[in-house]
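In: predicted model follows, preceded by the sequence.
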Amino acid sequence: MRYLSTRGQAPDLPFCDILLGGLAPDGGLYLPESYPQVSTDDLARWRSLPYADLAFEILSHFIDDIPAEDLRAICRKTYTAEVYGNTRAGSDATAITPVTWLDAGEGSDHKGGLALLELSNGPTLAFKDMAMQLLGNLFEYVLEQRGEQTNILGATSGDTGSAAEYAMRGKHNVRVFMLSPHGRMSAFQRAQMYSLQDENIFNIAVKGMFDDAQDIVKAVSNDHAFKAKYKIGAVNSINWGRVAAQIVYYFAGYFGATASNDQQVDMAVPSGNFGNICAGHIARMMGLPIRRLICATNENDVLDEFFRTGVYRPRSSAETHVTSSPSMDISKASNFERFVFDLVGRDPAVVRDLWRTLESEGSFDLNQTPYRDALAGFGFVSGSSSHADRLATIRATRAAYGVVVDTHTADGLKVAEAYRDEAVPVLVLETAQAVKFEETIREALGEEPPRPDGFAHLESLPQRCEVMPVDVNAVKAFIQAHVAV
Ligand SMILES: Cc1ncc(COP(=O)(O)O)c(C=O)c1O
Ligand SMILES: N[C@@H](CCOP(=O)(O)O)C(=O)O
């Protein structure tokens, strides 16, 4: 399998060559040259596989430059009940991504039902662990094979950072430089990252929003000489490896919620950088019977606006709201470009044109183009959720089902309810555990959320972090000072 850039002006490369990088050299994002198609036989065979073996089956369609036995071993080492054991009471850790029915719906096919797909039982209690643990093991494998090192530069709004740092800490051939928005994350998220004392982990808090941090990552990635000299790698979802690993749980969730491969489901996805739902889009393009992908945003509703109106208008950092689902405080969703590439028939010239318009005019409008009608064929619907919605959903979910959900999952549930019907069940992707956002849970419920063992004194650990202005050169200088070349 070879990978091509959404902008069409970069060389096609095999998986291991794009694994360590971020943006393609032409500023686009890598995607497989075509999506593997799953047959009914594949679905039948995969239905009963353990998660690690399902991951191997799916990923081996995308990765043909790692020997099959090595890839299988990496998947089995990654997806264990020990690594993903932070489940809520009663959930089955061996499932890795258990499905919890809130309302089981009608009959054996759960028509009209509502379920959570638990994705946040890994080491940092957010769905980012699902891909990041695999990426850590893949990085280690490929770097060992090549005798190389990498310096990861990432941006986080709260969860990617800790997931990456936990996946990479202590690895001798990887350093992590992680940019986070100063003062914008929850106390738990800050403590998770800033309390790490490992020598290969560097936390940098920039005085801006997530989008400012992501712009710095992209600017460094576009400085090809710096990127090559300092061996800059990526762990954000601009890295194809992240998206590939996230495809797997759409299949696992589908199998967990259905009894036969003739059934359809809706999947509701709390969305920010569009990486998670982009993986769902690709699973659907591969033939997984997803009826609708429900894109749920918070008050930062650029994506919802696009799916409702056909107009894409990213907002500036000054216009980006600071919300109680802070990990989704994103107004320039990187992976949206991957979706648009598919929407415009995979024509990179059209993508280049749209992104030129975006740069010059600040938005693009698909309404007078054939792509507006094409959009309907991709199964997306959308909605947004506010602070008041979030609080009401957290309260209602606790009252009706006895389950405490986090603020992002609450956004997913709120929007899912608006689309729920009697035809299919809807799975809401549970993207984080409530304890990560305990201030808002306390506001909603007047009680502390459940705290898994091992996190008792997290916020009182000593923390270290470098604070910087939003300045690409300052970040480059920091990397230069900490990397010997
Ligand atoms: C808890 C949580 N939910 C949802 C999201 C949104 O996911 P994505 O950026 O892949 O759209 C994020 C991060 O982006 C997150 O950390
Ligand atoms: N919500 C993310 C933001 C970065 O998204 P990514 O999927 O591109 O890594 C976070 O919590 O950091």
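Out: That came through fine. Numbers count the residues shown, from 1 in each chain. Ligands and ions are numbered 1, 2, ... in the order given.
In: residues from the protein in reach of ligand 1?
Out: The chain comes close to ligand 1 at residues 126, 159, 237, 270-277, 327-328, 408, 431-432, as judged by Cβ under 6 Å from any ligand atom. Glycine gets a C-beta too; all of them are placed from N, C-alpha and C.
In: which stretches in the stretch 101-250 of the chain count as helices?
Out: 128-146, 160-168, 187-194, 210-222, 224-229, 240-257 (DSSP state H, counting those that start in this stretch).
In: the second one vs helix 187-194, what angle?
Out: Angle, helix 160-168 to helix 187-194, by axes from the mean of the first three to the mean of the last three Cα atoms, to 10 degrees: 40 degrees.
In: helix 160-168: which residues count as buried?
Out: Buried positions in helix 160-168, judged by neighbour count with 16 or more other Cβ atoms under 10 Å: 160, 161, 162, 163, 164, 165, 166, 167, 168.
In: gap between that helix and the chain center?
Out: Here the centre of mass of C-alpha atoms in helix 160-168, compared against the chain's by Cα atoms, centre = their mean, to the nearest Å, lies 13 Å away.
In: can you tell me which helices and strands it packs against?
Out: Contact analysis of helix 160-168 by 3 or more Cβ pairs under 8 Å, 6 or more residues apart in numbering; DSSP states H and E lists helix 128-146, strand 150-155, strand 174-181, helix 187-194, strand 201-206 as its packing neighbours.
In: can you mark which positions in the longest one are buried?
Out: When neighbours are counted by 16+ other Cβ under 10 Å, the buried residues of helix 128-146 are found to be 128-143.
In: need the helices of the stretch 101-250 of the chain in a markdown table with mean pLDDT, can you?
Out: Putting these into a markdown table (pLDDT from 0 to 100) gives the following:
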| stretch | mean pLDDT |
| --- | --- |
| helix 128-146 | 97 |
| helix 160-168 | 98 |
| helix 187-194 | 98 |
| helix 210-222 | 96 |
| helix 224-229 | 96 |
| helix 240-257 | 98 |
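In: returning to that earlier point: so which of the residues of the chain next to ligand 1 sit within strands?
Out: Using DSSP state E, residue 270 are the members of the residues of the chain next to ligand 1 that sit in strands.
In: show me which of the residues of the chain next to ligand 1 neighbour ligand 2.
Out: For ligand 2, the contacts drawn from the residues of the chain next to ligand 1 by Cβ under 6 Å from any ligand atom are 159, 237, 272, 273, 275, 327.
In: name the nearest of the buried residues of helix 160-168 relative to ligand 1.
Out: If you rank those by distance to ligand 1 using Cβ to the nearest ligand atom, residue 160 comes first, at 6.6 Å.
In: so what's residue 242 up against?
Out: When contacts are counted by Cβ atoms under 8 Å, 6 or more residues apart in numbering, residue 242 touches 131, 132, 135, 235, 236, 275.
In: what about it, distance to residue 317?
Out: Remark: distance between residue 242 and residue 317 (Cβ to Cβ, to the nearest Å) = 23 Å.
In: hang on, residue 21 packs against residue 231?
Out: No - the criterion here is Cβ atoms under 8 Å, and residue 21 misses it with residue 231 at 9.9 Å.
In: please identify which of these two sits among more neighbours.
Out: Comparing residue 21 with residue 231 by other Cβ atoms under 10 Å, the one with more neighbours is residue 21, at 21 against 18.
In: that one belongs to a helix, doesn't it?
Out: No - assessed with DSSP: H, G, I helix; E, B strand; the rest coil, residue 21 is coil; it does not lie in a helix.
In: with distance to ligand 2 added, can I get the helices and strands packed on helix 160-168 in TSV?
Out: Formatted as TSV, the helices and strands packed on helix 160-168 follow (distance: least, Cβ to the nearest ligand atom, whole Å):
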stretch	distance to ligand 2
helix 128-146	6
strand 150-155	6
strand 174-181	8
helix 187-194	8
strand 201-206	13
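In: may I see the ones you listed organised as a markdown table, with distance to residue 25 added?
Out: Output for those, formatted as a markdown table (distance: least, Cβ to Cβ, whole Å):
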| stretch | distance to residue 25 |
| --- | --- |
| helix 128-146 | 19 |
| strand 150-155 | 16 |
| strand 174-181 | 21 |
| helix 187-194 | 30 |
| strand 201-206 | 25 |
